[in-house]
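Novice: Build me a model from this:
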Amino acid sequence: MKKLDNSGRRRLNLFVYLTTFVSLLWSVGLISKGIWELYQQFNIQTGNNRTNIPDFAAVPNIATGVFKYGGSTAWAPLRLVVDSVIQSERPELQLRYIQPEKKPPGSSPGIDMLLRGELDFVQSSHPLSSEEYELAKKKGLSFQQIPVAVDSIVVVVHPQLNISGLTLEQLQAIYTGKIVNWQELGGLDVAITAYSRPPSTGGMVDFFQTRIMGKQEFGSNVQFVPTTTQALRLLEANPGGIYYGSAPAVITQCTVKPLELGYKKNDLVAPYQEPLVPSSECPRRRNKLNIRTLRNAEYPLTHYLYVVFLQNDDNTVEVGQAYANFLLTTQGQKLITKTGFIPLK
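Specialist: All right, here's what the predicted structure looks like:
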């Protein structure tokens, strides 16, 4: 085989360099294309591709009449603050919140009611599941979900419990019944009572099961209560109790203590603004949400709030889309901030 001289070797090296450079450019192009497509999908999903509408008065294409909606109890502060302003400023649109007859209210029961034609749109605290998409498909229907705010699940205990934080693995062990006494976690010798809303309510519970429980079931030590209000009352009277709820609903409460959470013991993240306000100083001072860590999803139990509606019925699309557009206006996002939730923008 003929050996290459210096000139030949230089030409070969140049060819290799050029080939590598072209391949690199091609790879960068593909990556850039992928990033751009992901960015576009994110914009479409979050509604950032919509025109920036300043206030409720400027929202177009409003359906007129009385419309029924339902869903997540985590949305209660939004219904109290935001929905009342919408109906005051746009009286042509009247909203009626409807609860299920035989189940506690929640995201999943609301989505079931939507599919049965009992609601015009749903306020959900979890993204639609593959099973829910499949149910809609079998009925010849299709969903649309639009995120409008950021929420987080916060774990709370009795104020006197000498535990400041948990890993997600420890939290799972509590709710599966593997850890039954706070002494096992360095706390007092007190039996653990884990409270939760029923799995049938969906939303927050679905997110907790997916994120914390995985494929494991709730343990026999878990007591199911219909509402967060009832759970907080039980927790106030039980030094060994633990509960998880929507951040705005539990962070500011005087009767419970929010916990730091994380993947490792030395990397726990507080969902509240530090330092922690002790219950003895409440209600003069209250704990506040740590907006930065929640919006950046540094806190591990952060998720979106969604408006869910059906695409097939023109009237339903109008009111569901319009309601989401109200919440995505500058005015709507400011009102969301007042309710304790985190706006998207």
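
Novice: centroid residue for this structure?
Specialist: For the chain, H303 is the residue whose C-alpha lies nearest the centre (CA atoms, centre = their mean; 2.4 Å).

Novice: In the helix or strand containing it, which residues are buried?
Specialist: Per DSSP states H and E: H303 is located in strand 302-310. Neighbour-count burial for strand 302-310 flags T302, H303, Y304, L305, Y306, V307, V308, F309, L310 (criterion: 16 or more other CB atoms under 10 Å). No exception for glycine: its C-beta is placed from N, CA and C like everyone else's.

Novice: Dump those residues to CSV, plus distance to N238 and pLDDT.
Specialist: Shown next, in CSV, are the buried residues of strand 302-310 (distance: CB to CB, whole Å; pLDDT from 0 to 100):
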residue, distance to N238, pLDDT
T302, 27, 93
H303, 27, 91
Y304, 32, 92
L305, 29, 94
Y306, 33, 96
V307, 36, 97
V308, 35, 97
F309, 40, 96
L310, 42, 94
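
Novice: still on that earlier bit, tell me which residues form a beta bridge with the residue nearest to the centre of the chain?
Specialist: With DSSP bridges as the criterion, H303 is bridged to D151.

Novice: S124 is in contact with that one, correct?
Specialist: No - using CB atoms under 8 Å, H303 makes no contact with S124, being 10.4 Å away.

Novice: in the stretch 101-250 of the chain, which spans are strands?
Specialist: 121-124, 143-157, 165-167, 193-196, 222-224, 241-246 (DSSP state E, counting those that start in this stretch).

Novice: Tell me which residues touch G110, please.
Specialist: Y69, G70, G71, S72, P100, L119, V122, Q123, S124, G202, V308 (CB atoms under 8 Å, 6 or more residues apart in numbering).

Novice: 7 Å instead?
Specialist: G70, G71, S72, L119, V122, S124 (CB atoms under 7 Å, 6 or more residues apart in numbering).

Novice: for S164, same thing?
Specialist: So S164 contacts L259, E260 (CB under 7 Å, 6+ apart).

Novice: pLDDT below threshold where in the stretch 201-345 of the chain?
Specialist: 312-317 (pLDDT under 70).

Novice: Double-check that L95 belongs to a strand.
Specialist: Yes - read with DSSP: H, G, I helix; E, B strand; the rest coil, L95 is one of the residues of a strand.

Novice: What is the burial count for it?
Specialist: By other CB atoms under 10 Å, the residues close to L95 number 17.

Novice: and stretch 219-226, how far out from the chain's middle?
Specialist: 22 Å (CA atoms, centre = their mean, to the nearest Å).

Novice: can you tell me the distance between the two ends of that stretch?
Specialist: Its first and final residues considered, stretch 219-226 spans 18 Å by CA to CA, to the nearest Å.

Novice: Contacts for it, please.
Specialist: 104, 175-177, 180, 192-198, 231, 234.

Novice: Tell me the one of these nearest V256?
Specialist: A231 (9.4 Å; CB to CB).

Novice: For the closest one, give me its contacts.
Specialist: Y195, V225, Y243, G245.

Novice: Could you check how far G340 is from Y243?
Specialist: According to CB to CB, to the nearest Å, G340 stands 17 Å off from Y243.

Novice: Comparing these two, which shows the higher neighbour count?
Specialist: Y243 (24 against 19).

Novice: Verify the stated contact: the more buried one with Q230.
Specialist: No - using CB atoms under 7 Å, Y243 is not in contact with Q230; the gap is 10.1 Å.

Novice: residues contacting the residue nearest to the centre of the chain?
Specialist: H126, D151, S152, F207.

Novice: does the last one really touch S129, like I thought?
Specialist: No - counting by CB under 7 Å, F207 sits too far from S129 to count as a contact (10.7 Å).

Novice: Looking at those two, which is more packed in?
Specialist: Higher neighbour count among F207 and S129: F207, with 22 against 14, using other CB under 10 Å.

Novice: residues in contact with the more buried one?
Specialist: Counted by CB under 7 Å, 6+ apart, F207 has contacts H126, I153, H303.
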